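S.K.: take a look and give me a structure for this.
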Amino acid sequence: MAKVVLIRPPSIVSVGSFSGFITPPIGLAYIAASLRSGGHEVVIVDALGIDPGKSTYIGDKLILRGISFDRVLELIPKDVDLIGFSGMFSSDWISLRPLVNMIGEKFRDKHYIAGGEHFSAVPEVALKQCKDLDAICLGEGEETLVDLANAIDSKSSWLKVAGLIVRSNGKFIKTENRKRITNIDDIPKPAWDLVPLNNYLDLNLSFGVDKGRNMPLLASRGCPFQCTFCSSPTMWGTRWIARDVNLLCDEIEEYIRDYNINAVDFYDLTAIVKKSWIIKFCNELIARNLNITWQLPSGTRSEALDDEVVPLLYKSGCTNLNYAPESGSERVLTKIKKKVKLSRMTKSFRNSVKAGINIKINIMIGFPEETHRDVLTTLWYLIKISFMGAHDISMAVFSPYPGSEIYQDLVKKGKIKHDEDYWEKMAYVDISFGGSFCENISSRWLLFYNWLGYFLFYSSNYIFRPIRLYKTIKNIITNKHESRGEMALAQIIKRFYFVFKSSKKNKLQRQN
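M.R.: Numbering: from 1, shown residues only. Now for the predicted structure:
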């Protein structure tokens, strides 16, 4: 039996970021469950969940959230055999790299591995920039980590474990490819008992809109599409696999009983692909009368969301949908291989608004070949969807995500250097963004367009529906949010207030 510690690092977020929601670590909980099922001892150190309200102001624009690095070190058992680090987002690398180095200094005789979408995308970069890492887990980690723990226990070679890139005698050796897990219902349910889950539930912390005690859930894995800005094909391939509807609803019932939840957030890459599956799921929820709400805070496609499906979504408890057209320009959509029809998507979210579902739209500007005309087309699209009733937008300046097709192209052209400045830019959706990877539009113009997009959408939204302005102000004051935009705005207000208090406190200390 090997003793494994899985670490979720503290997070670093920029003061003006619209992202950075604190959510339970469902990926680590799944891996921990598999390790335990394989007979190994597991400890999870969730640096965010232990104290989700703790923030430390660092530098001029960044905030460290969660417990300190020193506290993380204190929580690692001395008899640990393997230490694993989770890095789903490249912005996590800003805090992960120094944390790994600190742990490596203290526990010199231990084994270290890292996994998640960031590491699957740039494994050799991570190994070069962090000398203490022994290996990178590529793709899904459940089976790979169990096999690795078995290898450590039996003192056999890591090179026999499929799904790794291993540091060996100064070289990086890729082991045999590991196949995707096809029967995802066989994966043990997340080991939530190893995570301070109630710290999240009691504070209503989730990826979606605050609907009470929101439980994270995965209904599927993978995505069948190949958008050039997304790293999903690198991590998951292009196969979409859905769970059994009855087993999924059984799990929801279990969480209602064990954790007193009243809401569910689906963290899927693309939850709704197959129409027959989503209809069956909705009907099962309705039949069981579980009295919960559920939402899809990740970007949603519209192929299966037609006149038949949307009313079922609402009837079964779906309150919020997050559509992801990404652009209002058909030319840009073709370039980025976003195979959506704007007319079909527009019709779908019009039906969703009519059904009573809160709709958010994801938009990006500044793709490498985008033009001013493309952006202006997108801005006009925002006004149109505002008129149709969309409640919310998330507008971001494009940042090349490691592992994506665009990223690989920019690396080949020498336009990306993996320095500190690049990783800090990965803390995207920042209202003070200052960089451009677009051939035709400068960073200043992109920043202007980004602000203009928010202004055009929300000003027109409140003009078309004045009652929404009153509701927005009321919801932010009462801390009862109905949309992701209200949550993001409330977070930014809190961050700026925190920075103001910290700056004032530091000034007083210097004067004394």
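S.K.: from here on, contacts and neighbour counts on C-alpha atoms
M.R.: Will do.
S.K.: quick one: Ile67 from Leu203, how far?
M.R.: Look at Ile67 and Leu203: by Cα to Cα, to the nearest Å, they are 17 Å apart.
S.K.: okay, those two: which has more neighbours?
M.R.: Ile67 (22 against 14; other Cα atoms under 10 Å).
S.K.: leaving out sequence neighbours, find the closest residue to the more buried one.
M.R.: Counting by Cα to Cα, 6 or more residues apart in numbering, Ile67 lies nearest to Ala47, which is 5.4 Å off, once chain neighbours are set aside.
S.K.: go on, Phe281?
M.R.: Per Cα to Cα, 6+ apart, closest to Phe281 is Val245, 5.5 Å.
S.K.: mind checking pLDDT for the one you found?
M.R.: On pLDDT, Val245 comes in at 97.
S.K.: and the residue nearest to Ile67, how many residues sit next to it?
M.R.: 22.
S.K.: repeat for the one 5 residues further on
M.R.: The burial count assigned to Pro52 is 19, neighbours taken as other Cα under 10 Å.
S.K.: touching, it and Leu201? I think so.
M.R.: No - with contact defined as Cα atoms under 8 Å, Pro52 does not count as touching Leu201 (11.1 Å).
S.K.: tell me the contacts of the spatially closest residue to Lys211 that is not a sequence neighbour?
M.R.: Leaving aside its sequence neighbours, Lys211 sits nearest to Ala263 (Cα to Cα, 6+ apart; 6.2 Å). Counting by Cα atoms under 8 Å, 6 or more residues apart in numbering, Ala263 touches Lys211, Gly212, Arg213, Asn214, Met215, Ile292, Thr293, Trp294.
S.K.: repeat that with 10 Å
M.R.: 208-216, 252, 255-256, 291-295, 317-319 (Cα atoms under 10 Å, 6 or more residues apart in numbering).
S.K.: give me the low-pLDDT residue ranges for the stretch 401-512 of the chain?
M.R.: 419-434, 481-512 (pLDDT under 70).
S.K.: can you check the stretch 151-300 of the chain too?
M.R.: Those would be none, if you go by pLDDT under 70 across the stretch 151-300 of the chain.
S.K.: which parts of it are helices?
M.R.: 197-202, 232-236, 245-259, 275-288 (DSSP state H, counting those that start in this stretch).
S.K.: so which elements touch the first one?
M.R.: This points to helix 197-202. strand 214-217, helix 245-259 (3 or more Cα pairs under 10 Å, 6 or more residues apart in numbering; DSSP states H and E).
S.K.: the second one too?
M.R.: Here helix 232-236 is seen to pack against helix 117-121 when contacts are counted using 3+ Cα pairs under 10 Å, 6+ apart.
S.K.: over to Ser399. Which of the three states is it?
M.R.: The local conformation at Ser399, judged by DSSP: H, G, I helix; E, B strand; the rest coil, is coil.
S.K.: pretty sure the residue nearest to Ile67 sits against Ile12.
M.R.: No - taking contacts as Cα atoms under 10 Å, Ala47 lies outside contact range of Ile12: 11.7 Å.
S.K.: residues in contact with both of these two, list them for me.
M.R.: With Cα under 10 Å, 6+ apart as the test, Ala47 and Ile12 both reach Arg65, Gly66.
S.K.: and the strand or helix carrying Thr378, what does it pack onto?
M.R.: Using DSSP states H and E, the element containing Thr378 is helix 372-388. Packed against helix 372-388 by the contact rule (3+ Cα pairs under 10 Å, 6+ apart) you find helix 330-335, helix 342-355, strand 358-365, strand 392-397, helix 443-464.
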